[in-house]
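> Have a look at this fold, sequence not included:
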């Protein structure tokens, strides 16, 4: 069955550095992949969507790559700030579904001042 | 910017009681969803709703759950007889269009505690 794994539960980096988060998936070839930000006690907030025919997508300090051969997406935050501290979720459309999203367990990012 | 709203923010109930969680999706959106997140676990899909009927549902969404769009603005999730394991954050989400890649906008959630 479809599986999504995010590289680590927690990642601490120094302010100003680039944070790189990983999302791996198996047993599936999704048409797109999404990244969300979730703050404690809040709902996920959409950040970026990348389609299977796109290698890279950027939005301000965010960059997402999508390697369908490796079945992996990388999510980068450049020039990180303490305000970027949150949990970042990777989400894929569920296999055989029109719209249902399957979420990874998330990576908790802490940017240290 | 328009946003999805949910009420109440926190609901405490006794096991076996019925609860109704309410959501007001973004006004011109057409697709509506409920997800739940048990503390420390993944966000899980429950159900999607379009054109006044359920379009997809997960295994979690059993006969104890139901959804309704009673009027042009509200979207509700009812749990008929709550169990301890229903304790979770429940998120409503809405999507503007039919395109599969359209963004899902999530509400702030309702924390349900079943005692």
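Received, thanks. Model, not experiment: these values are computed from the prediction.

> which regions of chain A lie under the pLDDT threshold?
The model of chain A has pLDDT under 70 over residues A:98.

> Of all residues in it, which one is closest to chain B?
Minimum separation of chain A from chain B (CB to the nearest CB) falls at residue A:43, amounting to 3.5 Å. C-beta coordinates here come from the backbone N, C-alpha and C atoms, glycine included.

> Excluding chain neighbours, what is closest to that residue?
What sits nearest to residue A:43 in space, not counting adjacent residues and going by CB to CB, 6 or more residues apart in numbering or on different chains, is residue B:106, at 3.5 Å.

> beta partners for residue A:103?
residue A:91 (DSSP bridges).

> That one touches residue A:91, doesn't it?
Yes. Look at residue A:103 against residue A:91 with CB atoms under 8 Å: they come within range, at 4.8 Å.

> how about the spatially closest residue to residue A:44 that is not a sequence neighbour, secondary structure?
Leaving out its chain neighbours, the residue that sits closest to residue A:44 by CB to CB, 6+ apart is residue A:36, at 3.8 Å. Three-state assignment for residue A:36 (DSSP: H, G, I helix; E, B strand; the rest coil): strand.

> check contacts around residue 86.
As the question left the chain open, I've gone with chain A. Counting by CB atoms under 8 Å, 6 or more residues apart in numbering or on different chains, residue A:86 touches A:37-39, A:108-109.

> ah, no, chain B please
Each residue near residue B:86 by CB under 8 Å, 6+ apart is listed here: B:79, B:112, B:114.

> excluding its backbone neighbours, what's nearest the second one?
Yep, that's residue B:112 we're talking about. residue B:11 is the one closest to residue B:112 (CB to CB, 6+ apart), at 5.1 Å.

> Might you report the residue contacts of the residue of chain B found nearest chain A?
With CB to the nearest CB, the shortest gap between chain B and chain A falls at residue B:106, namely 3.5 Å. Taking CB under 8 Å, 6+ apart, we find residue B:106 in contact with A:36, A:43-46, B:4, B:35, B:91-93.

> again, only using 6 Å
A:43-44, B:91, B:93 (CB atoms under 6 Å, 6 or more residues apart in numbering or on different chains).

> Of those residues, which is the nearest to residue A:60?
residue A:44 (18.6 Å; CB to CB).

> was I right about that closest one contacting residue A:35?
No. Using CB atoms under 6 Å, residue A:44 is not in contact with residue A:35; the gap is 9.6 Å.

> who has more neighbours, those two?
Ranked by neighbour count (other CB atoms under 10 Å in any protein chain shown), residue A:44 and residue A:35 place residue A:44 first, with 27 against 23.

> ok, which stretches of the chain are strands?
Picked chain A for this. Counting by DSSP state E, the segments of chain A that form strands are A:3-6, A:10-14, A:19-26, A:32-38, A:45-51, A:56-59, A:62-67, A:72-77, A:86-93, A:101-103, A:107-112.

> not quite, I wanted chain B
B:5-7, B:10-13, B:19-24, B:31-37, B:43-50, B:53-57, B:65-68, B:75-79, B:88-95, B:105-106, B:110-114.

> Could you provide those strands in JSON lines, with additional columns for distance to residue A:14 and mean pLDDT?
Listed next are those as JSON lines, based on distance: least, CB to CB, whole Å; pLDDT from 0 to 100:
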{"stretch": "strand B:5-7", "distance to residue A:14": "36", "mean pLDDT": "96"}
{"stretch": "strand B:10-13", "distance to residue A:14": "36", "mean pLDDT": "97"}
{"stretch": "strand B:19-24", "distance to residue A:14": "40", "mean pLDDT": "97"}
{"stretch": "strand B:31-37", "distance to residue A:14": "30", "mean pLDDT": "95"}
{"stretch": "strand B:43-50", "distance to residue A:14": "29", "mean pLDDT": "94"}
{"stretch": "strand B:53-57", "distance to residue A:14": "43", "mean pLDDT": "92"}
{"stretch": "strand B:65-68", "distance to residue A:14": "45", "mean pLDDT": "96"}
{"stretch": "strand B:75-79", "distance to residue A:14": "42", "mean pLDDT": "97"}
{"stretch": "strand B:88-95", "distance to residue A:14": "31", "mean pLDDT": "96"}
{"stretch": "strand B:105-106", "distance to residue A:14": "30", "mean pLDDT": "94"}
{"stretch": "strand B:110-114", "distance to residue A:14": "33", "mean pLDDT": "98"}
